[in-house]
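In: heads up, no residue letters with this:
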């Protein structure tokens with residue numbers, strides 16, 4: 001055991017780890033050695049080799065020396081390794097690097113959308129969190145001045161922040177988009193564990209899930225379908241994690257995200273871009289999931305604008321939008337039914353009286369559904 005205790009002092013240790021970059025079995029063995037070493041120590045001092053192992057695992061997935069292996073296979077092997085070695089908290093270290101790179105790539109994706117968004121681009125661009133430590137809850141930041149917004153200058157500024165590993169991937173639009181999709185997929189895999197196994201992620205950084213939701217919201221403005229679909233899936237996943245952490249009192253003092261996300265849904269629906277409209281309704285469905293017991297959503301459902309967006313979707317020319325909007329309507333009704341008091345015959349959400357001036361009767365939306373079916 002003494003030899004394991006001194007493993008980080010061996011001259012060959014760093015070289016050994018470098019040579020294991022594309023060898024998941026070797027990285028797995030090294031992780032077991034670090035676990036044994038940690039169990040033999042009583043001083044609790046951080047081991048720098050754990051961070052180095054996390055970096056190597058990150059490189060194995062996103063910067064492999066041998067690119068013959070499919071990224072999904074690399075992701076599968078990496079997540080299995082992380083699952084076996086949760087004691088080392090490698091997941092949080094990998095996430096730190098992953099979020100930082102993803103934010104940079106989302107910025108570059110949006111900067112390439114100037115022809116699509118025109119004068120709205122600065123505001124959309126500012127929706128991206130400034131960095132991995134940006135815990136502000138607002139969906140729109142103030143990082144970049146709207147007046148005199150220079151796309152070329154900002155692009156160069158973002159590229160200067162890229163690591164030596166990432167920089168070669170910024171040479172073309174297609175490689176930037178692919179790199180963004182790869183990282184969103186990696187994030188989805190890392191956060192797809194059971195919520196109770198991820199609690200330590202928010203113990204040190206309570207605003208972590210809020211940051212990720214803001215990052216995903218900004219990515220839904222991309223004009224590349226793969227990026228939008230991945231960001232919607234990830235947003236819904238993180239939203240439910242946030243709700244779980246709130247219910248288990250791990251995020252005391254942190255707000256629910258319903259109001260912020262519905263505000264983003266409105267922004268997407270108002271853009272009049274088909275891809276963003278579809279994304280908005282898919283995010284909306286996530287808000288209405290059965291697992292969401294947040295009372296913050298009830299006042300939103302009682303507003304006129306909520307039902308107006310549903311009616312607008314039902315009147316859309318796109319059959320896809322109508323189908324998604326019907327799902328939103330059905331999920332809304334299911335939520336209202338859960339609040340129904342069968343003993344008294346009340347059909348309004350708890351805490352909302354029928355005389356509430358802001359309450360809109362959903363029968364107009366149901367009438368529209370009947371008309372569509374005729």
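Out: That came through fine. Since this is a predicted model, take the numbers as computed values, not measurements.

In: where do the strands sit along the stretch 151-300 of the chain?
Out: In the stretch 151-300 of the chain, no strands are defined using DSSP state E, counting those that start in this stretch.

In: you'd agree residue 34 is in a strand?
Out: No: read with DSSP: H, G, I helix; E, B strand; the rest coil, residue 34 is helix and lies in no strand.

In: For burial, what's the neighbour tally of it?
Out: Applying other Cβ atoms under 10 Å, we find 22 residues neighbouring residue 34. Placement of C-beta: from N, CA and C, glycine included.

In: With residue 98 instead?
Out: 19.

In: So it lies in a strand, does it not?
Out: No: with three-state DSSP as the criterion, residue 98 is assigned helix and is not in a strand.

In: For it, give its distance to residue 258.
Out: For residue 98, the distance to residue 258 equals 26 Å [Cβ to Cβ, to the nearest Å].

In: contact partners of stretch 247-257?
Out: Identification of contacts with stretch 247-257 by Cβ atoms under 8 Å, 6 or more residues apart in numbering yields 137, 196, 199, 202-203, 206-207, 209-210, 213, 239, 242-243, 245-246, 293-294, 296.

In: Drop anything exposed from these.
Out: 202, 206, 207, 209, 210, 213, 239, 242, 243, 245, 246, 294 (16 or more other Cβ atoms under 10 Å).

In: Need the nearest residue in space to the fourth one, chain neighbours excluded.
Out: What it means is residue 209. Closest residue in space to residue 209, ignoring its immediate chain neighbours: residue 242 at 4.0 Å, by Cβ to Cβ, 6 or more residues apart in numbering.

In: just the helices in the stretch 251-374 of the chain please.
Out: 258-270, 274-287, 297-301, 304-314, 319-338, 363-373 (DSSP state H, counting those that start in this stretch).

In: for the stretch 51-200 of the chain, same thing?
Out: 71-84, 90-111, 114-117, 121-125, 151-160, 173-190, 200-203.

In: How is the protein partitioned into domains?
Out: 1-88, 91-223, 256-374 (automatic domain parsing).

In: Give me whichever of those domains is most buried.
Out: Across those, the average number of neighbours (mean count of other Cβ atoms under 10 Å) peaks for domain 91-223, which reaches a mean of 18.

In: so where's the stretch 251-374 of the chain uncertain?
Out: Scanning the stretch 251-374 of the chain for pLDDT under 70 picks out 290-295, 339-374.

In: ok, back up a step: wait, which of the helices of the stretch 51-200 of the chain is closest to residue 287?
Out: helix 173-190 (18.6 Å; Cβ to Cβ).

In: now the angle from that closest one to helix 71-84?
Out: On the basis of axes from the mean of the first three to the mean of the last three Cα atoms, to 10 degrees, helix 173-190 is oriented at 30 degrees to helix 71-84.

In: Show me what helix 173-190 is packed up against.
Out: Under the contact definition 3 or more Cβ pairs under 8 Å, 6 or more residues apart in numbering; DSSP states H and E, helix 173-190 sits against helix 48-62, helix 71-84, helix 90-111, helix 208-219, helix 225-247.

In: how close does the closest residue to residue 62 other than its chain neighbours get to residue 162?
Out: Leaving aside its chain neighbours, residue 62 sits nearest to residue 182 (6.3 Å; criterion: Cβ to Cβ, 6+ apart). In this structure, residue 182 and residue 162 are 15 Å apart, going by Cβ to Cβ.

In: Pull the contacting residues for residue 288.
Out: The neighbours of residue 288, taking Cβ under 8 Å, 6+ apart as the test, are 297, 328, 331, 332, 334, 335.

In: Closest one of those residues to residue 92?
Out: residue 297 (29.9 Å).

In: need the contact list for that closest one.
Out: 258, 262, 287, 288, 335.

In: Quickly note the distance from it to residue 327.
Out: Following Cβ to Cβ, the distance that separates residue 297 from residue 327 is 16 Å.

In: Tell me which of the helices of the stretch 251-374 of the chain sits nearest to residue 65.
Out: helix 274-287 (35.8 Å).

In: could you give the angle of that closest one to helix 225-247?
Out: Using the same axes, to 10 degrees: helix 274-287 against helix 225-247 is 20 degrees.

In: elements contacting helix 274-287?
Out: helix 225-247, helix 258-270, helix 319-338.

In: do that again at 10 Å, thanks
Out: Counting contacts by 3 or more Cβ pairs under 10 Å, 6 or more residues apart in numbering; DSSP states H and E, helix 274-287 is packed against helix 208-219, helix 225-247, helix 258-270, helix 297-301, helix 304-314, helix 319-338.
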